[in-house]
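Novice: give me the fold of what follows.
(chains A and B)
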Amino acid sequence: MTLNCKHVWAQVSDYIDGSVTPEMKADIERHLANCRRCAAVLDSTRNILVLVGDERTFELPVGFGERLHGRLQQWMESSDRSGQE
Amino acid sequence: MSSTTDKNTGQTDLAAASAAREAALIARILAGERELFHDLIRPYERGLYLAAYSVVQNQSDAEDVAQDAVIKAYQALKSFRGDAKFSTWLMAITLNEARSRWRKNSGEQLDFLSDCEDSTGDYTPSVLADWRYIPSQELERKELRQALREAIAKLSPEYREVLILRDVRGMSIAEAAVATGVNEGLVKVRLFRARLSMQKLLAPKLAPKQRGFMGWLTRKAGGQ
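Specialist: The predicted structure is shown next:
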């Protein structure tokens, strides 16, 4: 099947996830080989997702873990005292 | 056997071993070793915070939500049946807690459970002539991290959720569906929209232009 650019854009997310059929994958790759703009759309989307997924993009607030476990511990102890869970 | 098959088998074995370790921990906690609950949730601290932050978009509220969610998870541990992974179950509790907080704070009644199923709609990417790969080392620059966070903040909450679960936490589509309480088809639609929106918001800023990405960062850093 010959895909146009809009067809390819609609498949970008599934293509990145590797969840398109082998036939669709081949059609997309045939289109990408001849369409620099769609290749740039795919490359930019994939690149941006790699950056979003990097641990440095979202850092935990300093002391987050200590406060989380502290509150949980406090709750466990207070539920012990009140005899409930 | 191919190396890919070996790798997949290895990952499956690791996941099974991890699930067995968690099941044993949960049994001991329910039998009275309550302190072990701290160990059970430790691997998911970052995920808890990010899931909460994806909805409430505020550091202080996200911390409160994560804390309330672990207490709720502890209280409900007896009801955990192991149909989903513990981490997925924990994320579902966290997202529900975050949505309640978000509704309370904003006074809005966003319907997280329904959506238009039309997968493409007006969601089109930013069409570029070229793209030059931006290496992860560039994240050392706070302007880039800020630009990524600002773009995510502009997404609708239901799109942010799936983007964070899938592309930041690395959950599968099926796990993200369980955690968000919607079907897999809807997760895929939301993910498609979230990813294309991120591309549309960021690619024009980051693409090589006359002064290029480094030029954009420099201008951004200079407050221009």
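
Novice: quick one: the residue nearest in space to the middle of chain B from A:Ser44, how far?
Specialist: The centre of chain B sits closest to B:Ile164, judged by CA atoms, centre = their mean, with a distance of 2.0 Å. Noted for B:Ile164: a distance of 20 Å to A:Ser44, by CB to CB, to the nearest Å. For glycine as for every other residue, the C-beta is placed from the backbone atoms N, C-alpha and C.

Novice: just the CA atoms of stretch B:91-101, as CSV, please.
Specialist: Output of stretch B:91-101 as CSV, limited to C-alpha atoms (Å, rounded to 0.1, in the frame of the first residue of the first chain):
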residue,chain,number,x,y,z
MET,B,91,0.0,3.5,40.3
ALA,B,92,-3.7,3.1,40.0
ILE,B,93,-4.2,4.1,43.6
THR,B,94,-1.8,7.0,43.2
LEU,B,95,-3.6,8.3,40.1
ASN,B,96,-7.0,8.1,41.7
GLU,B,97,-5.7,10.0,44.7
ALA,B,98,-4.1,12.6,42.4
ARG,B,99,-7.3,13.0,40.4
SER,B,100,-9.3,13.6,43.6
ARG,B,101,-6.8,16.2,44.7
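
Novice: what is the distance between that stretch and the centre of its chain?
Specialist: 13 Å (CA atoms, centre = their mean, to the nearest Å).

Novice: that one - what's its average pLDDT?
Specialist: For stretch B:91-101, mean pLDDT is 96.

Novice: buried set for that stretch?
Specialist: Neighbour counts using 16 or more other CB atoms under 10 Å in any protein chain shown place B:91-99, B:101 of stretch B:91-101 among the buried residues.

Novice: then stretch A:21-37?
Specialist: A:24, A:27-28, A:31-32, A:35, A:37.

Novice: contacts with chain B among the residues you listed, please.
Specialist: A:Arg37 (CB under 8 Å from any CB of the partner chain).

Novice: could I get the buried residues of stretch A:21-37 as JSON lines with secondary structure and pLDDT?
Specialist: Below are these laid out as JSON lines (DSSP: H, G, I helix; E, B strand; the rest coil; pLDDT from 0 to 100):
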{"residue": "A:Met24", "secondary structure": "helix", "pLDDT": "96"}
{"residue": "A:Asp27", "secondary structure": "helix", "pLDDT": "96"}
{"residue": "A:Ile28", "secondary structure": "helix", "pLDDT": "97"}
{"residue": "A:His31", "secondary structure": "helix", "pLDDT": "96"}
{"residue": "A:Leu32", "secondary structure": "helix", "pLDDT": "96"}
{"residue": "A:Cys35", "secondary structure": "coil", "pLDDT": "95"}
{"residue": "A:Arg37", "secondary structure": "helix", "pLDDT": "94"}
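
Novice: let me know the closest of the buried residues of stretch B:91-101 to chain A.
Specialist: Checking those against chain A with CB to the nearest CB, the nearest one is B:Thr94 at 11.5 Å.

Novice: return the residues in contact with that closest one.
Specialist: The neighbours of B:Thr94, taking CB atoms under 8 Å, 6 or more residues apart in numbering or on different chains as the test, are B:48, B:51-52, B:65-66, B:69.

Novice: ok, the residue nearest to the centre of chain B to B:Val70 distance?
Specialist: 18 Å.

Novice: now B:Gln57
Specialist: 20 Å.

Novice: quick one: which of those two has more around it?
Specialist: Taking neighbours as other CB atoms under 10 Å in any protein chain shown, B:Gln57 and B:Val70 compare with B:Val70 leading, 26 against 17.

Novice: tally of neighbours for residue 61?
Specialist: You didn't say which chain, so I picked chain A. A:Pro61: 13 neighbours (other CB under 10 Å).

Novice: my bad, chain B
Specialist: Residues near B:Asp61, counting by other CB under 10 Å: 18.

Novice: okay, buried residues for the longest helix anywhere in chain B please.
Specialist: Counting by DSSP state H, the longest helix found in chain B is helix B:3-30. Residues B:22, B:25-26, B:28-29 are the ones in helix B:3-30 that count as buried (16+ other CB under 10 Å).

Novice: how about low-confidence regions in chain A?
Specialist: For chain A, residues meeting the criterion pLDDT under 70 lie at A:83-85.

Novice: any idea how far A:Gly53 is from chain B?
Specialist: Here the distance between A:Gly53 and chain B works out to 5 Å (CB to the nearest CB, to the nearest Å).

Novice: in this structure that residue contacts B:Leu165, no?
Specialist: No: contact between A:Gly53 and B:Leu165 fails when scored by CB atoms under 8 Å: they sit 11.3 Å apart.

Novice: quick one, which of the two is more surrounded?
Specialist: For A:Gly53 versus B:Leu165, neighbours defined as other CB under 10 Å are more numerous around B:Leu165 (27 against 17).

Novice: identify the residues contacting the more buried one.
Specialist: B:51, B:54, B:91, B:171, B:175-176, B:179-180.

Novice: rerun at 7 Å
Specialist: Taking CB atoms under 7 Å, 6 or more residues apart in numbering or on different chains, we find B:Leu165 in contact with B:51, B:91, B:171, B:176, B:179.
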